[in-house]
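*Asks:* only geometry, no sequence info:
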């Protein structure tokens, strides 16, 4: 297996419901020497371009449509000549940032992508937003969770388009069903594992 994972952190803002917060976002690029995919498009196009290098980017896989994850998606798409993929359940959230500008293709639960000889399965995990989607690779023993699951538990709710009950159900039924040694690559902050978060949730909300 020749797949490798590249990572960087970008800084910027997240705005929703009339509030703006400073945030740092993880950028993940998965591929080999020839091709790659990018997860999300936060804050800084140049940082993503450096991670991609001279490889062909075959897709920008959006975990959800909050502005700190998609604000630069059209610009990044143009620079990389790569399509933007988003779960259509996040269409209204996308419009908050990009209006009627369309994304390129849809991601549905169960969709499979192959890059650098490894498979990525799209897992629809609503709650943080209606279309939040994680990407699981059995071969890598890893899942890219965006803002659905962090070190310390499920992502934030309480804002427009979000539901605590729904995100807990998504994590419980979709993510906690993965092997416990699965590494969780998050949208913000450090990695964790499924087992670590599953044990932490016991007696709390699980």
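*Replies:* Ah, there it is. Model, not experiment: these values are computed from the prediction. Numbering: from 1, shown residues only.

*Asks:* residue 63 and residue 41 touch, don't they?
*Replies:* No. Contact between residue 63 and residue 41 fails when scored by C-beta atoms under 8 Å: they sit 10.5 Å apart. Bear in mind the C-beta positions are built from the backbone N, C-alpha and C, glycine included.

*Asks:* show me the strands in this structure, by range?
*Replies:* For the chain, the strands defined by DSSP state E cover 4-16, 19-31, 35-39, 56-61, 84-86, 105-106, 112-115, 118-124, 133-137, 142-146, 149-150, 153-154, 183-186, 192-193.

*Asks:* pLDDT weak spots in this protein?
*Replies:* 1 (pLDDT under 70).

*Asks:* apply 90 and report the result again.
*Replies:* 1-2, 203, 206 (pLDDT under 90).

*Asks:* follow-up on the earlier one: for residue 63 and residue 41, indicate the residue with more neighbours.
*Replies:* residue 63 (30 against 26; other C-beta atoms under 10 Å).

*Asks:* tell me who's in contact with that one.
*Replies:* Residues in contact with residue 63 (C-beta atoms under 8 Å, 6 or more residues apart in numbering) are 39-40, 69, 132-135, 144-148, 187.

*Asks:* now, which of those residues sits nearest residue 107?
*Replies:* residue 133 (5.6 Å; C-beta to C-beta).

*Asks:* ok, that closest one - how many residues close by?
*Replies:* 27.

*Asks:* hang on, it packs against residue 124?
*Replies:* Yes. With contact defined as C-beta under 8 Å, residue 133 counts as touching residue 124 (5.6 Å).

*Asks:* what is in contact with these two at once?
*Replies:* In contact with both residue 133 and residue 124: 87, 109, using C-beta under 8 Å, 6+ apart.
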